[in-house]
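A.B. asks: Sequence below, structure please.
(2 chains)
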Amino acid sequence: GAVVSQHPSWVICKSGTSVKIECRSLDFQATTMFWYRQFPKQSLMLMATSNEGSKATYEQGVEKDKFLINHASLTLSTLTVTSAHPEDSSFYICSAHDPGYIQYFGAGTRLSVL
Amino acid sequence: KNQVEQSPQSLIILEGKNCTLQCNYTVSPFSNLRWYKQDTGRGPVSLTIMTFSENTKSNGRYTATLDADTKQSSLHITASQLSDSASYICVVRGGRGGADGLTFGKGTHLIIQP
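C.D. replies: Numbers count the residues shown, from 1 in each chain, chains lettered A, B, ... in the order given. Coordinates of the predicted model:
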């Protein structure tokens, strides 16, 4: 079936550095992908919508300069956490829906900022 | 306001026993409802998807029901196994929720004890 691949699965970085997370749709083209953040024992919170060939759309309260999104191709979206700080430590998940609007999620990336 | 409420918040049962998880929603208009299983540190994986006209759908030991009139869904797990320990998230598509068109429940944290 359709698969969304996310990489890396776990990253540790020093405070002040930037981290890039990749999200790929393997079996279908995705003009739109979504990025979520999840805190322990909480549900997924939509951060932004990644649009192929145009600017991402951010949810209220999400800093676009902190979380840079690039969707340069129909199968790849990237989320870059810039100048990461310990409060950015979280579980980040991407998703995409296939042409039938069935939503598939990546395996997630656990970010730990020291 | 679109809402998805799940109960119980957490549940502990013995291996081999059955259990039922509940999901009530107020999303309108309704498109479909999905149950996802999320293992700790992983992304959500779809178990079932149900549309307005479907009352019951099974996927192995998982059986989902939907009552579109009362806006309730349940997920029944039969003969539980240790690997069933996870969070189970009810997600409804429709309404005028987020940009992804989805409203997430907070999940039920299920623990299967040997």
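
A.B. asks: going forward, measure contacts and count neighbours with C-alpha atoms only.
C.D. replies: Will do.

A.B. asks: So, low pLDDT: which residues of the chain?
C.D. replies: In the absence of a named chain, this looks at chain A. A:1-2 (pLDDT under 70).

A.B. asks: not what I meant, chain B
C.D. replies: Scanning chain B for pLDDT under 70 picks out the ranges B:96-98.

A.B. asks: who are the neighbours in contact with A:Ser73?
C.D. replies: By CA atoms under 8 Å, 6 or more residues apart in numbering or on different chains, the contact set of A:Ser73 is A:Glu52, A:Gly53.

A.B. asks: could you measure it against B:Leu82, distance?
C.D. replies: From A:Ser73 across to B:Leu82, the span is 40 Å (CA to CA, to the nearest Å).

A.B. asks: So which residue is smack in the middle of chain A?
C.D. replies: Central residue of chain A (CA atoms, centre = their mean): A:Trp35, 3.8 Å from the mean position.

A.B. asks: Can you show me the strands along chain B?
C.D. replies: B:4-7, B:10-14, B:19-25, B:30-38, B:45-51, B:56-59, B:62-67, B:72-77, B:86-94, B:102-104, B:108-113 (DSSP state E).

A.B. asks: List, one by one, the residues from chain A near chain B.
C.D. replies: Proximity of chain A to chain B, by CA under 8 Å from any CA of the partner chain, involves residues A:34, A:41-44, A:46, A:49, A:91, A:93, A:104-108, A:110.

A.B. asks: can you rerun that using 10 Å?
C.D. replies: Neighbours of chain B within chain A, by CA under 10 Å from any CA of the partner chain: A:6, A:9-10, A:32-35, A:40-49, A:57-59, A:91-97, A:101-110.

A.B. asks: List buried residues within the residues you listed.
C.D. replies: Burial by neighbour count, 16 or more other CA atoms under 10 Å in any protein chain shown: within those this picks out A:6, A:9, A:32-35, A:43-49, A:57-58, A:91-97, A:103-110.

A.B. asks: all strands for chain A, in order.
C.D. replies: A:4-7, A:10-13, A:19-25, A:32-38, A:45-51, A:57-58, A:67-73, A:76-81, A:90-97, A:103-105, A:109-113.

A.B. asks: Now the closest residue to chain A within chain B. Nearest residue, chain neighbours left out?
C.D. replies: Relative to chain A, the nearest point of chain B is B:Gly43 (4.0 Å; CA to the nearest CA). Closest residue in space to B:Gly43, ignoring its immediate chain neighbours: A:Ala107 at 4.0 Å, by CA to CA, 6 or more residues apart in numbering or on different chains.
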